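**Q** Need coordinates for the following:
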Amino acid sequence: MSADVRGRPIRRRLALLAAVEAVLLVAALVAAGVALNSLADARGRLLDVIGPQRLAAIQLSTALLNQESGVRGYQLGRQPEFLIPYTDGMRAQADAVTQLRQLGAAPGTRIGDDLDAVVRAATAWQAAAAPTIAPAAPPVTAAQVERGRALFVDVRKALDTQLDHLAAIRDAGRADLDAAARFLNAMFVVVAVLVVVLFAMLFFGLRQFVTRPILRLAGEVRRVADSDIHHPVHGSGPREIAQLGADVEAMRQRILDEVAELERAHALLDRRTQEAERSNAMLDRRTRELERSNADLEQFAYVASHDLQEPLRKVASFCQLLQRRYQGLLDERGEQYIEYAVDGAKRMQVLINDLLAFSRVGRKPGEHVVTDAGALADEAIANLEVALSLSGGKVSRGELPQVRVEPALMTAVFQNLIGNALKFKGEAPPEVRVSAERDGDDWVFSVSDNGIGIDPEYAERVFALFQRLHTRSAYPGTGIGLALCRRIVEYHGGRIWLDTEASDTTFRFTLPAREEPAREEEGTA
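**A** All right, here's what the predicted structure looks like:
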């Protein structure tokens with residue numbers, strides 16, 4: 001092949017080939033579309049017009065035969081029920097005639113003329129038969145019977161003519177359908193042949209003008225990739241492949257440049273890796289020191305709390321002894337001082353215990369088990385029996401779900417929320433309601449009461465540690481209860497808040513909904 005031919009662009013050859021093949025395919029597809037349209041028309045006429053026409057003609061024939069049978073039966077037996085086929089046949093005749101008219105049996109057409117002939121013959125026969133089936137008609141004579149038979153023969157002839165013409169129309173429709181189908185099949189064969197020829201021309205053309213030059217170029221590229229990166233690459237053949245060879249050669253040059261740059265980068269990376277290893281070692285050492293410091297702090301809090309408990313118990317005990325021993329001997333101010341000392345020691349003990357409970361949440365996690373939240377709420381209510389009795393309040397709860405929690409911690413949440421509702425009561429006896437509802441992947445628990453309420457501006461402050469909205473003389477407590485509730489709920493993956501939009505005082509908190517047993521087993525596996 002000459003250099004001039006090899007130098008022509010591939011797209012020009014492919015465009016010429018595609019144009020010729022496209023013209024042939026479009027012509028074949030147009031012919032196939034015409035054949036398909038003819039086939040659809042022939043099939044639609046056969047199924048939607050000719051078939052229903054023959055069916056309606058058969059129904060008309062059956063209706064007239066039923067009429068004739070009813071008339072003859074009545075003429076012989078004079079029983080009114082013998083006329084039922086006649087009356088039913090009249091209605092069926094009217095329906096069949098209407099259907100034939102709708103299907104194209106208009107006057108002036110062949111089918112319309114056949115239908116008119118049938119209707120005329122049927123009308124003449126029905127007019128002759130009407131006097132013989134009247135209610136008070138005399139017995140039919142032989143002449144009437146013979147005349148009716150002769151008229152119905154005309155009806156049969158008209159019906160036969162109609163059915164023969166419809167059969168001929170049906171046969172012509174079938175012939176048209178077969179011809180359209182044969183023409184369509186021939187067009188499909190032509191399209192298939194053209195497609196095969198196109199693929200053959202594309203195969204041989206691509207092999208000659210594309211595959212072989214690419215294989216030569218690929219050989220040079222493999223030589224460069226396998227052993228000789230410095231071997232130059234030259235493309236040959238069509239213009240596009242020659243350009244591809246030039247691009248590969250340019251890429252080889254860039255690779256050589258980048259390899260040199262990469263070697264310099266590797267040297268720099270080694271230095272930085274060593275620095276990173278030293279930084280990681282330092283970070284690990286600081287992490288271990290932080291873990292040791294946390295453990296020391298936890299041990300210190302435990303020891304300090306126990307060491308503080310003992311002197312506080314001693315102070316409280318001796319103050320109580322002083323109060324009992326010198327009761328009535330001291331003046332009112334002295335007894336008040338002793339009472340202040342006893343109360344302060346007791347409050348310090350409660351505060352230390354609450355702080356211990358707050359600090360231990362999440363430090364030594366216990367076992368999370370699936371338990372009934374209703375049972376936990378009932379246990380909290382039982383623990384508050386004395387407060388319920390003193391306040392005269394009542395606690396009601398709805399159906400609560402099963403959740404995966406640490407039972408002791410979650411009981412503390414219910415006990416704190418219900419205890420606060422009993423503590424901060426108004427003039428009326430406190431009424432506390434505990435409920436839960438599903439919200440997506442969470443259960444939302446609600447604890448509501450009819451107490452004194454909380455201003456919305458303090459909705460976040462009430463959960464802070466040691467935050468109180470009232471004096472200790474008005475309402476006792478350490479200000480740790482709600483902070484402990486928040487820590488426990490967040491430890492279980494939920495959140496707690498004061499619902500400022502509710503009409504009464506309502507605290508809500510969420511817990512993750514327990515997974516179905518099948519999903520739990522799958523996770524275990």
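
**Q** As a check, name the ranges of all strands in this structure.
**A** For the chain, strands defined by DSSP state E occupy the ranges 369-372, 394-397, 402-405, 431-439, 442-449, 496-498, 505-512.

**Q** neighbours of Val370, just the number please.
**A** 12 (other CB atoms under 10 Å). All C-beta spots, glycine's among them, are computed from the backbone N, C-alpha and C.

**Q** Buried residues, stretch 399-411. List them.
**A** Buried residues in stretch 399-411, counting neighbours by 16 or more other CB atoms under 10 Å, are found at 400, 403-407, 409-411.

**Q** Let me see the contact set for the residue nearest to Ala421 when sequence neighbours are not counted.
**A** Nearest residue to Ala421 in three dimensions, chain neighbours excluded: Asp449, at 3.5 Å (CB to CB, 6 or more residues apart in numbering). Contact analysis of Asp449 by CB atoms under 8 Å, 6 or more residues apart in numbering lists 421-422, 424-425, 430-433, 504-505.

**Q** which of those are buried?
**A** 421-422, 424-425, 430-433, 505.

**Q** what's the closest of the residues you listed to Val196?
**A** Using CB to CB, Arg433 comes nearest to Val196 of these, at 81.9 Å.

**Q** So what pairs up with the closest one in the strands?
**A** Per DSSP bridges, the residues bridged to Arg433 are Ser396, Ser448.

**Q** Roughly how far does it sit from Val444?
**A** 14 Å (CB to CB, to the nearest Å).

**Q** hmm, which two among the contacts of Asp449 are most spread apart?
**A** Phe424 and Arg433 (15.4 Å).

**Q** Could you export stretch 186-202 as CSV, CA atoms only?
**A** Presented in CSV, the C-alpha positions along stretch 186-202 are these (Å, rounded to 0.1, in the frame of the first residue of the first chain):
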residue,chain,number,x,y,z
ALA,A,186,-38.1,-9.9,2.9
MET,A,187,-37.2,-6.5,4.2
PHE,A,188,-35.9,-8.0,7.4
VAL,A,189,-33.7,-10.4,5.4
VAL,A,190,-32.4,-7.4,3.4
VAL,A,191,-31.6,-5.4,6.6
ALA,A,192,-29.9,-8.5,8.1
VAL,A,193,-27.8,-8.9,4.9
LEU,A,194,-26.8,-5.3,4.9
VAL,A,195,-25.8,-5.4,8.6
VAL,A,196,-23.7,-8.5,7.9
VAL,A,197,-22.0,-6.8,5.0
LEU,A,198,-21.4,-3.7,7.1
PHE,A,199,-19.7,-5.7,9.8
ALA,A,200,-17.6,-7.6,7.3
MET,A,201,-16.4,-4.4,5.6
LEU,A,202,-15.7,-2.8,9.0
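
**Q** what's the offset of that stretch from the middle of its chain?
**A** In terms of CA atoms, centre = their mean, to the nearest Å, the centre of stretch 186-202 is found 45 Å from the chain centre.

**Q** Stretch 483-491 too?
**A** The answer for stretch 483-491 is 35 Å, by CA atoms, centre = their mean.

**Q** Please, where are all the helices along this protein?
**A** Here the chain has its helices, by DSSP state H, at 3-6, 10-45, 51-77, 84-102, 110-129, 142-206, 212-226, 239-325, 332-360, 373-383, 385-391, 407-423, 481-491, 517-524.

**Q** Compare the ones you listed and give me the one nearest Glu460.
**A** Closest approach to Glu460 among the helices of the chain is made by helix 481-491 (10.2 Å; CB to CB).

**Q** so where's the stretch 401-525 of the chain shaky on pLDDT?
**A** Low-confidence segments of the stretch 401-525 of the chain (pLDDT under 70): 464-479, 514-525.

**Q** one more time with 80, if that's ok
**A** Residues of the stretch 401-525 of the chain meeting the criterion pLDDT under 80: 424-427, 452-459, 461-481, 502-503, 514-525.

**Q** ok, back up a step: switch the helices of the chain over to JSON lines; also include distance to Glu437.
**A** Converted to JSON lines, the helices of the chain look like this (distance: least, CB to CB, whole Å):
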{"stretch": "helix 3-6", "distance to Glu437": "80"}
{"stretch": "helix 10-45", "distance to Glu437": "61"}
{"stretch": "helix 51-77", "distance to Glu437": "62"}
{"stretch": "helix 84-102", "distance to Glu437": "63"}
{"stretch": "helix 110-129", "distance to Glu437": "73"}
{"stretch": "helix 142-206", "distance to Glu437": "65"}
{"stretch": "helix 212-226", "distance to Glu437": "67"}
{"stretch": "helix 239-325", "distance to Glu437": "38"}
{"stretch": "helix 332-360", "distance to Glu437": "29"}
{"stretch": "helix 373-383", "distance to Glu437": "12"}
{"stretch": "helix 385-391", "distance to Glu437": "25"}
{"stretch": "helix 407-423", "distance to Glu437": "17"}
{"stretch": "helix 481-491", "distance to Glu437": "16"}
{"stretch": "helix 517-524", "distance to Glu437": "22"}
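
**Q** Out of those helices, the one nearest Tyr458 is which?
**A** Using CB to CB, the helices of the chain put helix 481-491 closest to Tyr458, at 10.9 Å.
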